[in-house]
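1. Dropping a prediction and its sequence here:
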Amino acid sequence: MSSNSFTAPKGTYDLIPPESETVLAVREALAAPLRRAGYGYIEPPVFEDVRLFARGVGESTDIVSKEMYTLTTKGGDELALRPESTASVLRAVLQSNLHRQGSLPVKVWYSGSQYRYERPQAGRYRQFWQVGAEAVGAEDPALDAELITLAADAYRSLGLNDFRVLLNSLGDRTCRPVYRTALQEFLRGLDLDEDTRRRIDINPLRVLDDKREAVQAQLTGAPMLADYLCEDCKAYHEQVRTLLTAAGVEFTDDPKLVRGLDYYTRTTFEFVYDGLGAQSAVGGGGRYDGLSEMIGGPALPSVGWALGVDRTVLALKAEGVELSAPARVDVYAVPMGEQARGVLFEAVTALRREGLSADLSFGGRGVKGAMKAADRSGARYAVVVGDRDLVDGVAQLKDLQSGDQTPVALDALVTTLKEKLK
Ligand code: ATP
Ligand code: MG
């Protein structure tokens, strides 16, 4: 790379046309079911006090301990680019007192970039996008089932069908500690490296999630959380399962499913697309009943999810879904000469104000190049104006599908095109 050229930072990529249209369409499609279910849009800042994530996501998690982009401002504030948005959203809800202003739950959705200092690879980036939803302040299995159903419907609306829903319950403050101790006892008897041994003390459930064969092989016979769930958690989970079945959402019980954040309780789920190799999780979420108190708020049992936009796009490609067509215009104007440019600039502006989409050939291109650009633009009509046309007070209207060309009076151009494109 020469000193005067730049490339996007490692682990990031540019969204450029025409693929960027797909990304916009995916974000919209993932959000659409939420809007139909009463979720309101929320947008917290991209950076927050670093302690919000340390406390909310958990100091012992990879996300906080290894992957966070932190910075000190000129004023001395310690900030972090958000590695995820649940903690930010809850902070925003608490700060604005949304949870006191109406009935609970507060249902919100967001769409935005997240930042994690990870090893870049296909499907794993340092800046990536999520569409997320949070339902704050209610403990109701129907809410958990609603969110899982909305995500499944969102994927299907895009034409993605080969995904699986993995479901588990992580218990609550009554039963999880008992299980945690039992698991720790089991894990301490295994042959594990030092890093993993440390994890046994801090976050033993994460060891179950270890991807290494040598570790997985030793985990057969490990105590399973499902056997330790208290009656309340069991009944709650059973209701979630029943509601999902009634909604026609297929799921797989995965007793080993844990997630990389500390705040999850009870319902935990992940959306997996198997065609994506190691980066197969296209989305995930769960219940986080203790998070509000962890960041200084009142008890607000909540549930939410975050769907990865980048990986959803990859999954759609893997499934062979033809994604939205690139942006195209209705009309492409080709001026020949300066005076014609002025006339067509006006015409294009008028067409746009009438709600049609129109583009103009810029840069004084020759007519051949300009007509090629007209074809590429996907326009139905090209409008060509030269000096002779100006004398006659007409524009040549060319139907780019049939090739037919007819002169149209300049002062009738906008109404004629509006009529033809209706
Ligand atoms: P993974 O197991 O792949 O590391 P995660 O558990 O860290 O995922 P979450 O924090 O649950 O992921 O985020 C929800 C979704 O966001 C993931 O299912 C995934 O689709 C997406 N995601 C997470 N990290 C990245 C990343 N670095 N690049 C692209 N997408 C990501
Ligand atoms: Mg991760």
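-> Sure thing, it's come through. Ligands and ions are numbered 1, 2, ... in the order given.
2. In the chain, where is pLDDT below threshold?
-> 1-3, 260, 262, 324-325 (pLDDT under 70).
3. For ligand 1, what is the nearest residue in it?
-> Closest residue of the chain to ligand 1, Cβ to the nearest ligand atom: Gly308 (2.2 Å). Any C-beta I mention is one placed from the backbone N, CA and C, and that applies to glycine too.
4. Quick check: phi and psi at that residue.
-> Note on Gly308: backbone dihedrals following degrees, to the nearest 10 are phi -80, psi 120.
5. Can you show me the strands along the stretch 251-400 of the chain?
-> For the stretch 251-400 of the chain, applying DSSP state E, counting those that start in this stretch gives strands covering 252-253, 265-273, 281-287, 302-308, 331-335, 358-360, 381-385, 394-399.
6. circling back: give me every residue that touches the residue of the chain closest to ligand 1.
-> Gly308 makes contacts with 128-130, 281-283, as judged by Cβ atoms under 8 Å, 6 or more residues apart in numbering.
7. same deal with Cys175?
-> Taking Cβ under 8 Å, 6+ apart as the test, what Cys175 contacts is 228-230, 233.
8. Take these and keep only those in helices.
-> Among those, the residues falling in helices (DSSP state H) are Cys233.
9. Just name the closest of the contacts of Cys175 to Glu43, please.
-> Checking the contacts of Cys175 against Glu43 with Cβ to Cβ, the nearest one is Cys233 at 33.7 Å.
10. tell me the SS of Leu71?
-> Using DSSP: H, G, I helix; E, B strand; the rest coil, the structure places Leu71 in strand.
11. Isn't it up against Leu79?
-> Yes: in this structure, Leu71 is within contact of Leu79 by Cβ atoms under 8 Å, at 5.4 Å.
12. shared neighbours of those two, which are they?
-> What both Leu71 and Leu79 touch, as defined by Cβ under 8 Å, 6+ apart, is the set Phe47.
13. Need the winner for burial among the strands of the stretch 251-400 of the chain.
-> For these, the largest average neighbour count (mean count of other Cβ atoms under 10 Å) is found in strand 331-335, namely a mean of 27.
14. what's across from the residue nearest the centre of the chain in the sheet?
-> The residue lying closest to the centre of the chain (Cα atoms, centre = their mean) is Gln130, at 2.6 Å. Assessed by DSSP bridges, Gln130 has beta-bridge partners Gly112, Gly308.
15. Would you mind measuring from Asp404 to Tyr381?
-> 10 Å (Cβ to Cβ, to the nearest Å).
16. same question, Lys398
-> From Lys398 to Tyr381 the distance is 7 Å (Cβ to Cβ).
17. Asp399 too?
-> According to Cβ to Cβ, Asp399 stands 6 Å off from Tyr381.
18. can you pull out the helices in the stretch 201-350 of the chain?
-> Secondary structure of the stretch 201-350 of the chain by DSSP state H, counting those that start in this stretch: the helices cover 213-218, 231-246, 291-294, 309-318, 338-353.
19. got the residues of the stretch 1-150 of the chain near ligand 1?
-> Within the stretch 1-150 of the chain, the positions near ligand 1 by Cβ under 6 Å from any ligand atom are 84, 116, 118, 123-125, 128, 130.
20. any idea which element Val26 lies in?
-> Element membership of Val26, judged by DSSP states H and E, is helix 19-36.
21. Quick one: end-to-end length of stretch 168-177, please.
-> 17 Å (Cα to Cα, to the nearest Å).
22. Only the buried residues of it, if you could.
-> By 16 or more other Cβ atoms under 10 Å, the buried positions in stretch 168-177 come out as 168-172, 175-176.
23. before we move on, back to that, could you export the residues of the stretch 1-150 of the chain next to ligand 1 to CSV, including columns for secondary structure and distance to Asn161?
-> Compiled in CSV, those are given as follows (DSSP: H, G, I helix; E, B strand; the rest coil; distance: Cβ to Cβ, whole Å):
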residue, secondary structure, distance to Asn161
Glu84, coil, 27
Arg116, coil, 29
Glu118, coil, 29
Gly123, coil, 19
Arg124, strand, 24
Tyr125, coil, 25
Phe128, strand, 23
Gln130, strand, 21
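24. which two from these end up farthest apart in space?
-> Glu84 and Gly123 (16.6 Å).
25. who's more crowded, Leu71 and Leu79?
-> Leu79 (18 against 11; other Cβ atoms under 10 Å).
26. you'd agree that one is in a helix?
-> No: counting by three-state DSSP, one finds Leu79 to be strand, located in no helix.
27. Hmm, Glu48 and it touching each other?
-> Yes: between Leu79 and Glu48 a contact is recorded at 6.7 Å, counting by Cβ under 8 Å.
28. number of nearby residues for Leu166?
-> Leu166, neighbours per other Cβ under 10 Å, totals 17.
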